[in-house]
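Peer 1: Sequence and predicted structure are below.
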Amino acid sequence: MVNLSTSYMGLTLKNPLVASASPLSHKVDNIARMEELGVSAVVMYSLYEEQITAQSHQLDHYLSYGVESFAEAINYFPDLQQYRTGPEEYLEIIHHAKMAVDIPIIGSLNGVSTGGWVEYAKKIEQAGADALELNTYFIPTDIGMPGSEVEQMYVDILRDVKSSISIPVAMKLSPYFSATANMAYRLAEAGTDALVLFNRFYQPDFDIENLEVVPHLVLSDQFEMRLPLRWVAILYGRVPVDFAITSGVHTHEDVLKCMMAGSKVAMMASELLRNGLDRIDEVLQEITIWLEEHEYLSIAEMQGSMSQQYVAEPAIFERANYMKTLQSWRPDPTGQLAHLSF
């Protein structure tokens, strides 16, 4: 029998498939159903800093910056009444989920500064969460703010939270740092137990008829996994933390690729939202069949096997891949179309 178990942030998981933060965790029944179908852990939907600061009637500097100068900016602040649950309800769901299931429950905080994070990190731990994911979402639009200040903000948030709780902490990063490898290493030194690659920033769209800027939710596609796959493969064995890949994980092959790159878990949300929770069982069965057919005894055997330090051509993860991709273009023999040959 193939052993699918893995270890993530010190948590022993029965397999590498984790449900990432999404609306699916708004209901304890959904969490219980995901456990029944085989998911090994659930990352709760995010508790937003705006909810925390609104409850205490205080706005953080990064959230209030410029509002006094530009009255119209108030229109862009979210209507907090539209959030389905507030901070206290969030803690209750974690508490009830822990009573209902045996799999680990990972809390999620989304924001840009320490603010009320430390207080609620403690409360999330007290509610029973097995770990915490920090989903730091910050758009540095201030032209006077250097990149070093942005990076230090992430490190400070992590250190403040880590010093206040005893459960493991993961840092969910964006792909937009100018020196991703260095940033990953700094966060490892600051104490993160895991790095989750990468956060998906939902970009606004324009309604050209009504002249409005509108939110636009787009579920992930498989190609989006290539970026975190590449970076986990590069960082594996060089940065001493566990890795999780999120964004673009849809099939059993995607999960296997994550493991080969060096990830401890593969996080899935869009696939479940699009095609239902039954995909959990289907993907896990397909993983087991693939491993048996290829004579693997465990998931652990393949973890990191395709990382940069083990592949025959390490440079393929850097500029060599860029050059080979461009050079792979060939004209169509008919002269009608062009195609890429890989």
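Peer 2: Done, it's in. The model shown is predicted, which means the values in this text are computed figures rather than measured ones.

Peer 1: what's the following helix or strand after the lowest-mean-pLDDT helix or strand in the chain?
Peer 2: Between all helices and strands in the chain, the lowest mean by mean pLDDT, DSSP states H and E belongs to helix 61-64, at a mean of 44. Once the chain leaves helix 61-64, the next helix or strand it forms, by DSSP states H and E, is helix 87-100.

Peer 1: Can you name every helix or strand that the helix or strand following that following helix contacts?
Peer 2: Once helix 87-100 ends, the next helix or strand along the chain (criterion: DSSP H and E) is strand 105-111. Under the contact criterion of 3 or more C-beta pairs under 8 Å, 6 or more residues apart in numbering; DSSP states H and E, strand 105-111 touches strand 41-43, strand 47-48, helix 49-55, helix 87-100, helix 117-127, strand 131-136. C-beta coordinates here come from the backbone N, C-alpha and C atoms, glycine included.

Peer 1: quick one: strand 105-111 to helix 87-100, angle?
Peer 2: Using axes from the mean of the first three to the mean of the last three C-alpha atoms, to 10 degrees, the direction of strand 105-111 lies 160 degrees away from that of helix 87-100.

Peer 1: so how many other residues sit close to Glu253?
Peer 2: 14 (other C-beta atoms under 10 Å).

Peer 1: so what's it up against?
Peer 2: Trp290 (C-beta atoms under 8 Å, 6 or more residues apart in numbering).

Peer 1: Torsion angles phi and psi at it?
Peer 2: Reported as degrees, to the nearest 10, the phi and psi values for Glu253 are phi -70, psi -40.

Peer 1: How confident was the prediction at it?
Peer 2: pLDDT for Glu253: 98.

Peer 1: roughly how far apart are it and Leu229?
Peer 2: Distance, Glu253 to Leu229, by C-beta to C-beta, to the nearest Å: 12 Å.

Peer 1: before we move on, what about Gly144?
Peer 2: 35 Å.

Peer 1: Counting neighbours, go ahead and name the busier of these two.
Peer 2: Between Gly144 and Leu229, counted using other C-beta under 10 Å, the more crowded position is Leu229 (24 against 5).

Peer 1: mind checking the SS state of that one?
Peer 2: helix (DSSP: H, G, I helix; E, B strand; the rest coil).

Peer 1: Settle this for me: it is touching Ala261, isn't it.
Peer 2: Yes. Leu229 is in contact with Ala261 according to C-beta atoms under 8 Å; the separation is 5.1 Å.

Peer 1: which residues do the two both contact?
Peer 2: Ile245.

Peer 1: contacting residues around Asp278?
Peer 2: Leu37.

Peer 1: any idea how far it is from Gly262?
Peer 2: 29 Å.

Peer 1: which other residues reach the helix or strand Leu284 falls within?
Peer 2: Per DSSP H and E, Leu284 falls inside helix 279-293. Residues from elsewhere that reach helix 279-293 (C-beta under 8 Å, 6+ apart): 2, 4, 15, 17, 19, 34, 37-39, 251-253, 255-256, 268, 271-272, 299.
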